[in-house]
Structures are given as structure tokens and as C-alpha cells.
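**Student:** Everything below, folded, please.
(chains A and B)
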Protein chains: 2
Amino acid sequence: MKEEGFTVTPWKVEGEVDYTRLVNEFGTQLIDEELLARIKRFAGRLHPLLKLGYFFSHRDLDWILDMYEKGERFYLYTGRGPSGNVHLGHILPWVFTKYLQDSFNVNLIFQITDDEKFLYTDGRNMDEISRYAYENILDIIAVGFKPEKSKIIVDTKHINHLYPIAIEIAKKLTFSTVRATFGFTSSTNIGMILFPAIQAAPCFLPSKIEGKPTPCLIPAAIDQDPYWRITRDVAEKLGYYKPAQIHSKFLPGLGMQGKMSSSQPETAIFTTDEPEVAEKKVMNAFTGGQPTIALQRRLGADAYRCPVFWYLRYMFEDEKSSDERYVKCRSGSLLCYECKYALADAVKRYLKEFQIKREHARDMVDRFMFD
Amino acid sequence: MKEEGFTVTPWKVEGEVDYTRLVNEFGTQLIDEELLARIKRFAGRLHPLLKLGYFFSHRDLDWILDMYEKGERFYLYTGRGPSGNVHLGHILPWVFTKYLQDSFNVNLIFQITDDEKFLYTDGRNMDEISRYAYENILDIIAVGFKPEKSKIIVDTKHINHLYPIAIEIAKKLTFSTVRATFGFTSSTNIGMILFPAIQAAPCFLPSKIEGKPTPCLIPAAIDQDPYWRITRDVAEKLGYYKPAQIHSKFLPGLGMQGKMSSSQPETAIFTTDEPEVAEKKVMNAFTGGQPTIALQRRLGADAYRCPVFWYLRYMFEDEKSSDERYVKCRSGSLLCYECKYALADAVKRYLKEFQIKREHARDMVDRFMFD
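**Tutor:** Now for the predicted structure:
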């Protein structure tokens, strides 16, 4: 969709995103207090990213819980397009996905869409994308998913599991439909045109594995919703359940509005960044501050437009500390460098630990692979 | 293409086909005397289907022979859409393909396009198509290809070998191109839209197997030419050779013009027909005869429009006997029932032998499978 001020499609998020409008436009549901209470009851605790509203929207999450209550286990399905290194904006929903896996004790399918990254990007060859795919898999494993309950599917490697399902889906999707949904044109290549069926296929893989219709819950950023919308449209015709979804917002880049982006490396903190490099990025970050200290003391700063605030809130602080930080920031009693120091410290600590896990992950790749 | 009088696309052949016009429209080359002489020199003998002009057109066959002369072995690639049982119209080009394999001692890749048959046909489920695929594979094996040099690829089973190549091809093909080539519309499903890349992929599989650009020769009926045309257009951009082709005419149905068709079972002799059923079909065949014996004796019959004549010529008679039959038919000294008896006898003998080989083939399926 393209509206004045912001753009959200599976390929592009730009501008300051109005999430309430997005929910209305996409026709998804906001996660309300009642749903949060139910999740808490089943999961034991409410993940901070739910409390803080980073995961804020859904489709049929209430139905997933109904089924769960009846003893029907769902699968989680999420994915990653290996177009570059993984940054903290990618890690966040994965950490949340791990929370769902641990809390509900469910299986996870993790799709690596190397085919799409190849098809979508001019001048990218498959070798380069395969290298990123491997590196990204290390990040996924380092997040700490349960090896015995988590399977990674690489499209070009495991297509034999996906293609038979993809053609069932593809048979129900015309060019008109994908043109309207994804903005394809006559100049779109035919690999991209099929791709929505390849991305939809893992929604129904649990049913194939279990030999009966099996619920599927997709945690993903809301820009991926168009894929699941068309998947939901065909699901029941094919004898499957509609995949349910839980949608996240985007983690802002350090220097920009919109989502953190690998294509603007100075605004993104990569899991492979040297901790000191990450520190420098944080210290150079755009903030919601005033041009001078005097003005900031007098007027306060704009925490809502400050990526440093959001990083701290979503990744490193609990709700209470974050709320206090917010009040201090707005009142002018907190200066930007203080927040930057806090974030830089937290990021450095996080990266050091993560990078150790990431090295251990090299020995676990085979265990995580589908098949 | 659609012209007054006849239609030839990969999905439809109707009416009386003007092959000379087809060659002009498609931009292929007629196989001339010089090329026939070269083939004979390399192959040792000229197959009757070449002498009789059943294989009549080509692209780059001369280049394949140049490469062969330099010691560069080509691969053969042909295919089958498993939409029903195999009839004699299918067997004929396979017999010719076996002649090429034996004469040049080359590898063969045989693609079973079960995905396309599923995607193209409303109301067909994959189980039904898989059953036909298995049955068709028995026919292919019964033709007598060398097991150690022949590999059968079933699209949905071996897609992991095809998809990585198909996306290379797909990235170079826009919707515009496949719309223009195959008559796709906005209502075409997205599986069909990708399919030309799946059918093109085996052209480049030999290069992947050999680890270097490897020539590929496709024996197939001329209605498949649009697939190879777009494949040829992208080949060199991707670092492969353009696939060469040798095109056959269609074997006419027993009751109709156009090609023998599984969708009109009374006009096609299936390899699984009881020999007596096949005999009956032959005896009920449409011929080029006159309405009465008296007229036929006086005016002669029209061998060129008689499927019984063409079956005998292409499958069961040498050039000399066939030419004599032609002269007798045209002069009125031969009556239709005589030709029908001759064909019925030949078909019954052929089917009895073929069906024994077909039963033996059940034990050889695994040996022929790719991987």
C-alpha cells in the first residue's frame, strides 16, 4: 500500500508508519487486552514485546488459542530473505518466536527464501545469496530455538518439499490476483510471479507432516501480510486451515524513519558487527533530541521519534524502566548522550554474547536442516 | 499459432496441419538432403522416420553434428506430459529418440511434466496424474532406452534438480514474454506462468552434470517449439548453449485430422489396449477412401488424408513398400479394408510384444530414475 507519508509492501517500508491505519487498510485485528490475558494464561508469562505493543496485530490468533485449548498443537512458521547480514531488527521477532515456541512447546518451520532474493535482485548471483543464507542460519540458530522442534527450509535446497504444495496453491492464484496484491506488472519475471506460492507453501507443510489439517501461526512483520492474505484465501479450498498471524511493527533504523535496513548499513546494527563498531553506530544515531542542550532541558525531547528510545524499550529494558526513561526524556531531565551510552553498553554486551552462540551454531546447522 | 484451417500450440493441434507453413511461421529449418547425408554418415544408417520425413524440421541440428564431429558429446532431452495413457502417436518419437541414443551413444534425460498436467487441467488431482506418470514411465522404459544412459525426471519428485536452473531462466523471462509466446492471460494461474522455465530447465541440466556447457538436442513434436524458442533466447545470457531441436510431425488420429489424442480414446491406439480392442479401432478408422467400391476402383483413394496409410508408413512399412501402397491406393487397385487388415495385424503384433516389455519395465523403474 502507498499512502501519503508512508509505504508498506513486502519489499519496501518507508516513512513514518501509521500502524493504526495499516491495521485498518490491511484488515487485521489489533491485539487487545482480552487476548493478551489469554496468551498470558496459556504461556505463563507475557513477553515484553507483547506488553510493549511491538507485536500489535493479528489474524485468527484467538482461534489458534481456541484450538490450543482443545489440545490441538499448532506449528510456528516464519522466514528470512537472505539478502545480507542479519541486524537487530531481524533478531527481535525471532526472539519473540522463540518465546512462543518455548511457551507453547510447538514445532517451528523457518523458511530461507533464497530463491526470492535471487529473483528479485538484479546482479545478485546465487553463490552470494547462498553465503548469506548460511550466515543467516547461524543467526537463527544462535537465537536459541529448540533443535528437536525447529526445522530450517532453504527454498532452493528443499524445494522438493515445497513445490508439490506450491503448485496446489498456484493453481488457485491467477496473474490478476498476484498483480493486484503485490503490484506485479507485465515486466515482472515469472519466477517472482510464482514466488507467492512458494512463500505460502510452508503454511500447509505442517498438515502434510501431520497427515491432517494442522493450525499454523506466523509471527512476522506486518509488511509480509499480503502473502498470508492470499494464502488464507485459498487455504480452505485446498482442505487446509487458514494460517493465523501475529504481526510486529518495524524496528526503526538508527538514522532514519521506516525499518532498519541492510541496504543502509550505517543505520543498522548487524549481529556480526564488532561491538566497537556497533557502539560507534549508536553514538552516531539520529535521536529525538533538541538542537542544543539548553533547548532540550527546557522543551524535553521526542522519545516517540527516537530510535535510541525504541531500541532500549524493545530490546533491553523492561516496561517500567522504559516508561521512566520516557517521562525523563519528555521532561528534559535526560540528555541524548545518556540514552546513547545506555544503548551502546547494552548492545555491546548483547553482541558479545550473541557472537559466541553464533560460533557454536556452526556445529548445529545439520541438526536444524529439514529432512 | 492460429491460422485459418489449423491451430498449433503446445496444448492444441487441430485441423489439417500445413507443415511447410508451420516451419515458416516458427522460423525453423527443414531437414534437407545434405543434413540427412551427414546424419547417415555419423549414425551409420538413416532411420525410416527421417527418410519418410516424419522428423522434418530442426534448429541447430547441423551445429550438434559439428560439435559431435569435434568429439563433443551431446545429451538428448525429451519429455512426456502424463495426462493419460500412452498411444502410438507418443511412442513414435520415442522410438526415434532411441535410434539417436543408440547411434550416437549419448545420454538421455526424459522429463515427466506432472506439474504442468496438474496445473493445466481443472478437476485433475495429483494422485490421478501420479498414477499416469508411473504408467507412462513403463511405456518409456519399454521402448528400450539404455538404462545406464537414460534418466527419467519427474517434475514434482526431482524438482530440487530443476528449480535452481528454472529460477535462473525465470529471472530472464517476463510475463510479457510468456504471454506473447503461450497466449497466457491475466486469468492464467501462476503455476502455469512459471512452467515454461520448468520445462526449459532440463536443457541446461547436462551442463550442470558435466560442469561445463554441454550441447543438448531435443527430439519432440513441433508443437513444443515455443518452449525451446524462449529457452534459446536466454541460454547464452546464462552461459549455456542454445538447445538444438529436431521436430516431428503429428501422427494423425484414426478418426480425425490433427494429432492422435488421448482425449478422444476411440481415435487413438493405446499401448495398454487389448490387441483385439486396437484391431477394432483400426477397422473403424476413418480412411481416405471413396464412398463406394465402384468409385474407389474408378477414382482411387486419397492416401495423404488417410491415417491408416500414415500409420503403416511411419510405424510398420519400409519406404519402398509404402510407396507401392501409395501408388496402388491412388490408382484404385487397393481397397480400404485391405489396408485396415494390414494395419490391424501389424498393430496387434506390435502391442503383444510391447506389452511384454512393458511388464518387464516394472522392475526397472528405479534404475531409470534420476538421482
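
**Student:** Check the offset of stretch A:326-346 from the chain's centre.
**Tutor:** Offset of stretch A:326-346 from its chain centre (C-alpha atoms, centre = their mean, to the nearest Å): 26 Å.

**Student:** Looking at the stretch 251-371 of chain A, which residue is nearest chain B?
**Tutor:** Sorted by distance to chain B under C-beta to the nearest C-beta, the residues of the stretch 251-371 of chain A start with A:Asp371, at 10.5 Å. Glycine gets a C-beta too; all of them are placed from N, C-alpha and C.

**Student:** Let me know the secondary structure of the closest residue to that residue other than its chain neighbours.
**Tutor:** Distances taken as C-beta to C-beta, 6 or more residues apart in numbering or on different chains place A:His158 nearest to A:Asp371, at 6.8 Å, with adjacent residues excluded. Using DSSP: H, G, I helix; E, B strand; the rest coil, the three-state assignment for A:His158 comes out as helix.

**Student:** low pLDDT regions in chain A?
**Tutor:** Within chain A, the stretches falling below the threshold (pLDDT under 70) are A:1-16, A:255-263.

**Student:** Strands along that one, start to end?
**Tutor:** The residue ranges that make up the strands of chain A, judged by DSSP state E, are A:2-3, A:6-9, A:12-15, A:29-30, A:55-59, A:75-80, A:107-112, A:150-154, A:216-221, A:244-248.

**Student:** Sheet-wise, list the partners of the fifth one with their directions.
**Tutor:** Here the strand partners of strand A:55-59, with direction, are listed using DSSP bridges: strand A:29-30 (antiparallel), strand A:244-248 (antiparallel).

**Student:** okay if I get those strands as JSON lines plus mean neighbour count and distance to A:Ala303?
**Tutor:** Compiled in JSON lines, the strands paired with strand A:55-59 are given as follows (neighbours: other C-beta atoms under 10 Å in any protein chain shown; distance: least, C-beta to C-beta, whole Å):
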{"stretch": "strand A:29-30", "mean neighbour count": "14", "distance to A:Ala303": "22"}
{"stretch": "strand A:244-248", "mean neighbour count": "26", "distance to A:Ala303": "20"}
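
**Student:** Need these in JSON lines (columns: distance to A:Leu88).
**Tutor:** Formatted as JSON lines, the entries for those read as follows, by distance: least, C-beta to C-beta, whole Å:
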{"stretch": "strand A:29-30", "distance to A:Leu88": "25"}
{"stretch": "strand A:244-248", "distance to A:Leu88": "13"}
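
**Student:** closest one to A:Asp115 among the ones you listed?
**Tutor:** Distance to A:Asp115, taken as C-beta to C-beta, is lowest for strand A:244-248 among the strands paired with strand A:55-59, at 22.1 Å.

**Student:** what's in contact with that closest one?
**Tutor:** When contacts are taken as C-beta atoms under 8 Å, 6 or more residues apart in numbering or on different chains, the neighbours of strand A:244-248 outside the stretch itself are A:28, A:31, A:49, A:54-61, A:63-64, A:74, A:92-93, A:96, A:215-222, A:225, A:228.

**Student:** so A:Gly144 makes contact with A:Phe354?
**Tutor:** No: applying C-beta atoms under 8 Å as the test, A:Gly144 and A:Phe354 come out as separate, 10.0 Å apart.

**Student:** from the middle of its chain, how far away would stretch A:71-87 be?
**Tutor:** Averaged C-alpha coordinates place stretch A:71-87 at 8 Å from its chain's average position (C-alpha atoms, centre = their mean).

**Student:** go on, stretch A:189-201?
**Tutor:** Mean-position distance between stretch A:189-201 and its chain equals 20 Å (C-alpha atoms, centre = their mean).

**Student:** same deal with stretch A:138-145?
**Tutor:** Relative to the mean C-alpha coordinate of its chain, stretch A:138-145 is positioned 14 Å out (C-alpha atoms, centre = their mean).

**Student:** how about the CA coordinates for that stretch, as CSV?
**Tutor:** As requested, C-alpha coordinates have been extracted for stretch A:138-145 and formatted as CSV (Å, rounded to 0.1, in the frame of the first residue of the first chain):
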residue,chain,number,x,y,z
LEU,A,138,23.9,-19.2,12.1
ASP,A,139,22.0,-16.2,13.5
ILE,A,140,18.7,-18.1,13.6
ILE,A,141,20.3,-21.0,15.5
ALA,A,142,22.1,-18.6,17.8
VAL,A,143,18.7,-17.2,18.9
GLY,A,144,18.2,-20.5,20.7
PHE,A,145,15.3,-22.4,19.0
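
**Student:** what comes up buried for it?
**Tutor:** For stretch A:138-145, burial by neighbour count (16 or more other C-beta atoms under 10 Å in any protein chain shown) applies to A:138-143, A:145.

**Student:** before we move on, the earlier item: single out the most deeply packed of the strands of chain A.
**Tutor:** With neighbours taken as mean count of other C-beta atoms under 10 Å in any protein chain shown, those reach their highest mean count in strand A:244-248, at a mean of 26.

**Student:** got the angle between it and strand A:216-221?
**Tutor:** Strand A:244-248 and strand A:216-221 meet at an angle of 20 degrees, taking axes from the mean of the first three to the mean of the last three C-alpha atoms, to 10 degrees as the criterion.

**Student:** ok, the closest residue in space to A:Gly79 that isn't next to it in sequence - contacts?
**Tutor:** Ranked by C-beta to C-beta, 6+ apart and with sequence neighbours excluded, the top spatial neighbour of A:Gly79 is A:Gln111, at 3.8 Å. By C-beta under 8 Å, 6+ apart, the contact list for A:Gln111 reads A:77-80, A:152-153, A:155, A:199, A:202.

**Student:** Max pairwise distance over these: which two?
**Tutor:** Spatially, the most separated pair among these is A:Ile152 and A:Gln199, at 15.1 Å (C-beta to C-beta).

**Student:** Tell me the spacing between the residue of chain A positioned farthest from its centre and A:Gly332.
**Tutor:** Checked against the mean C-alpha position of chain A, the extreme residue using C-alpha atoms, centre = their mean is A:Ala294, at a distance of 38.7 Å. For A:Ala294, the distance to A:Gly332 (C-beta to C-beta, to the nearest Å) stands at 10 Å.

**Student:** before we move on, the earlier item: looking at the strands of chain A, which is nearest to B:Phe286?
**Tutor:** Comparison of the strands of chain A against B:Phe286 by C-beta to C-beta identifies strand A:150-154 as nearest, at 53.7 Å.

**Student:** what about that closest one and chain B, touching?
**Tutor:** No: Strand A:150-154 lies out of reach of chain B by C-beta under 8 Å from any C-beta of the partner chain, never closer than 10.6 Å.

**Student:** Kindly provide the distance from the residue farthest from the centre of chain A to B:Ile91.
**Tutor:** As judged by C-beta to C-beta, A:Ala294 and B:Ile91 stand 91 Å apart.

**Student:** cool, and A:Leu343?
**Tutor:** A:Leu343 sits 73 Å away from B:Ile91, going by C-beta to C-beta.

**Student:** So for these two, which sits in the more crowded spot?
**Tutor:** Higher neighbour count among A:Leu343 and B:Ile91: A:Leu343, with 27 against 21, using other C-beta atoms under 10 Å in any protein chain shown.

**Student:** got the contact list for the more buried one?
**Tutor:** With contacts taken as C-beta under 8 Å, 6+ apart, A:Leu343 has the following neighbours: A:282, A:285, A:308, A:311-312, A:316.

**Student:** can you put these in JSON lines and add distance to chain B and neighbour count?
**Tutor:** As requested, these are arranged in JSON lines below (distance: C-beta to the nearest C-beta, whole Å; neighbours: other C-beta atoms under 10 Å in any protein chain shown):
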{"residue": "A:Val282", "distance to chain B": "38", "neighbour count": "23"}
{"residue": "A:Ala285", "distance to chain B": "37", "neighbour count": "23"}
{"residue": "A:Val308", "distance to chain B": "40", "neighbour count": "29"}
{"residue": "A:Tyr311", "distance to chain B": "36", "neighbour count": "26"}
{"residue": "A:Leu312", "distance to chain B": "41", "neighbour count": "21"}
{"residue": "A:Phe316", "distance to chain B": "40", "neighbour count": "17"}
